[in-house]
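Novice: I'd like to go over a predicted model; first the sequence, then the structure.
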Amino acid sequence: MLKRTPLYEVHRAAGAKMVDFGGWEMPVHYSGLIDEHKTVRTSAGLFDVSHMGELEVHGPEALRLVNDVTTNDAARLQDGQAQYSGLLYEHGGFVDDILVHKVSDHEYFLCVNAANQEKDFAHIQWANSFECSVEFAGPKYVQLALQGPRAAEIAQRLTRIRLDGIQYYWFVDGTFAGVPARVARTGYTGEDGFEIYVAPEHAVDLWEAITKAGAPFGLKPCGLGARNTLRLEAGMALYGHEIGPSITPLEANLAWIVKMQKSGFIGKAALEKKIDRGLTRRLIGFEMCGRGIGRDGYEVLVDGQPAGWVASGSPAPWLNKNIGLCYLPMEHAQPGRKIDVVIRNQPVEAVTVNTPFYRRAL
Amino acid sequence: MTYPANYRYTKEHEWVDLQGGSATIGLTFHAQNELGDIVYVDLPKVGARIEAGKSFGSVESVKAVSDIYAPISGEVTAINDDLASAPEKLNQDPHGGAWLIKVRVDKNSDSSNLFSADDYQKYVGAET
């Protein structure tokens, strides 16, 4: 039996097509993926991302635990600040990629991938030798993502929180649309926007309030299909594609979330070894030149020889190109290289490019 | 969605409109709805042979790629050229203007195993 969010009936009524998404029955699209994608680039979109998991770390040594299990340096966070980080195994591969929010010295709030939440919880509990506790908090929250250039205007109609006072990757706890909420200026689309966490009993009210406030701006409900193409254009990693247990942050171009100068964290020794020996492969963007879409898992050839694989590949609805991210040996993981993507047994020409493919105007 | 009663349907979600010895083949509403926004259609050339139950082309949406299967056997006499430049028509008018190919049907081609509109409706209804 697939899990459902409290918004399941609302999605059905809005004409969503529902699919199995890591054990959750979630909307993949409503009006159509391309339309939704473009709406987020030009106006605003509303996503139900309640399948995402939440973990809470409470106690006097909460920071020590968080810094022990994550690659980024949570000690740099101030109250109300968030950071993107990695949760690694001892061997340096990803358990998950997560958002760490510092609520206070004694409380950290982690947003984790839906399909990984049980595994992440077990991993952090296993690592917990500190004076703090870890709570599996997913059932306490639904999460809505309001994303797009008009997101802030729409959101401001629903709260007295001064949203222009919330910088990118900061958050505030307050009242939003009349209900207690955690409002974070974060997202997974390459646009400005907010990720809003509320208790499940407020999900429908929050959804309807945002939908109503957004109507004059052309806001549309958006599915996880558009969320994927938006994040890919923005060059953001997706667990199970760009990152996973056999991939380290260094290879995934995520060295910026690894603070090697930080005292020990799980996976650090393996990353040190990897740095000493030198990386053998790296993630790089590509654009198709020939006709065809290089999709997830397709083989990549260099000089006609198997060299790597496509981590994510898709049409890019805003850029009107077929793009992707692929793993290639270091010597080929440079922009401007001609490669071939094997599409249904046919090599099709592509060229490597730097990412992100899309960057919003500031 | 009501499916045209004069068409026959496959398990793989193609429709065929048989008119004497010729046939028009397309994708069902259900197929395009499952795929979402369609961005590419690959079709055989005029003169190519298609064989019942075998793939004769493919259709790609933003999210997925899917084979297209032949409901009957025969020789391709026309392809719908509009779809190369406007594949989204498959989302808009799958049972009409966005037909895929026309075929001269082999004399011994058997269509008795295809669904009627009612049976197809039950088949896709049961899927969801």
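Specialist: Received it, and whenever you're ready, just let me know what you need.

Novice: quick one, strands of the stretch 101-250 of chain A?
Specialist: Ranges of strands within the stretch 101-250 of chain A are A:107-112, A:133-136, A:142-147, A:171-176, A:179-184, A:193-198, A:220-222, based on DSSP state E, counting those that start in this stretch.

Novice: Give me the packing partners of the first one, helices and strands only.
Specialist: If I follow you right, that is strand A:107-112. strand A:53-58, helix A:62-69, strand A:94-104 (3 or more CB pairs under 8 Å, 6 or more residues apart in numbering or on different chains; DSSP states H and E). Yep, even glycine has a C-beta here, placed from its N, CA and C like the rest.

Novice: What strands line up against it, and which way round?
Specialist: With DSSP bridges as the criterion, the sheet partners recorded for strand A:107-112 are strand A:53-58 (antiparallel), strand A:94-104 (antiparallel).

Novice: what mean pLDDT does the first one have?
Specialist: The predicted model gives strand A:53-58 an average pLDDT of 98.

Novice: What of the longest one?
Specialist: Confidence over strand A:94-104, taken as the mean pLDDT, stands at 98.

Novice: buried stuff in it?
Specialist: Of the residues in strand A:94-104, those scored as buried under the neighbour-count criterion (16 or more other CB atoms under 10 Å in any protein chain shown) are A:94-103.

Novice: Over to the first one?
Specialist: Residues A:53-57 are the ones in strand A:53-58 that count as buried (16+ other CB under 10 Å).

Novice: Now residue B:6: closest residue in space, sequence neighbours ignored.
Specialist: If the residues on either side of it in the chain are set aside, residue B:6 comes closest to residue B:17, at 6.6 Å by CB to CB, 6 or more residues apart in numbering or on different chains.

Novice: same check, this time on residue A:20
Specialist: Of all residues beyond its chain neighbours, the one nearest residue A:20 is residue A:2 (5.8 Å), with distances taken as CB to CB, 6+ apart.

Novice: again, but for residue A:21
Specialist: residue A:224 (5.8 Å).

Novice: what do you get for residue A:174?
Specialist: Counting by CB to CB, 6+ apart, the residue nearest residue A:174 is residue A:161, at 4.4 Å.

Novice: neighbours of the one you found, just the number please.
Specialist: 16 (other CB atoms under 10 Å in any protein chain shown).

Novice: Report whether the expected contact of it with residue A:183 is present.
Specialist: Yes: in this structure, residue A:161 is within contact of residue A:183 by CB atoms under 8 Å, at 6.2 Å.

Novice: got any residues that touch both of the two?
Specialist: Shared between the contact lists of residue A:161 and residue A:183 (criterion: CB atoms under 8 Å, 6 or more residues apart in numbering or on different chains) are residues A:172, A:174, A:176.

Novice: By neighbour count, which of those residues wins?
Specialist: Each of these was scored by neighbours using other CB under 10 Å; the highest score is residue A:176's, at 26 neighbours.

Novice: Which strand residues bridge it?
Specialist: As assigned using DSSP bridges, the partners bridged with residue A:176 are residue A:159, residue A:179.

Novice: measure it to chain B for me?
Specialist: Residue A:176 sits at a distance of 31 Å from chain B (criterion: CB to the nearest CB, to the nearest Å).

Novice: Run a quick neighbour tally on the residue nearest to residue B:6.
Specialist: The number of residues packed around residue B:17, counting by other CB under 10 Å, is 17.

Novice: Could you say whether it sits in a helix, a strand or coil?
Specialist: For residue B:17, the assignment made with DSSP: H, G, I helix; E, B strand; the rest coil gives strand.

Novice: would CSV of the strands of the stretch 101-250 of chain A with mean pLDDT be doable?
Specialist: Converted to CSV, these look like this (pLDDT from 0 to 100):
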stretch, mean pLDDT
strand A:107-112, 98
strand A:133-136, 98
strand A:142-147, 98
strand A:171-176, 98
strand A:179-184, 98
strand A:193-198, 98
strand A:220-222, 98
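
Novice: Out of those strands, the one nearest residue B:44 is which?
Specialist: Counting by CB to CB, residue B:44 lies closest to strand A:220-222 out of the strands of the stretch 101-250 of chain A; the figure is 36.2 Å.

Novice: Residues contacting that closest one, please?
Specialist: In this structure, residues lying in contact with strand A:220-222 by CB under 8 Å, 6+ apart are A:11, A:14, A:16, A:27, A:29-31, A:35-37, A:39-40, A:43, A:45-47, A:147, A:211.

Novice: ChimeraX command for the buried members of those residues?
Specialist: The command below creates a ChimeraX selection of those among those that count as buried (16+ other CB under 10 Å):
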select /A:11,16,27,29,30,31,35,36,37,39,40,43,45,46,47,147,211
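
Novice: Go back to the contacts of strand A:220-222 and keep what's next to chain B.
Specialist: Applying CB under 8 Å from any CB of the partner chain to the contacts of strand A:220-222, one finds that A:29, A:35 fall near chain B.

Novice: how far is the helix or strand bottoming out on mean pLDDT in chain A from where the chain is centred?
Specialist: Counting by mean pLDDT, DSSP states H and E, the weakest-scoring helix or strand in chain A turns out to be strand A:17-21, with a mean of 93. Relative to the centre of its chain, strand A:17-21 is centred 18 Å away, using CA atoms, centre = their mean, to the nearest Å.

Novice: other SSEs contacting that strand?
Specialist: With contacts defined as 3+ CB pairs under 8 Å, 6+ apart, the packing partners of strand A:17-21 are helix A:8-13, strand A:24-29.
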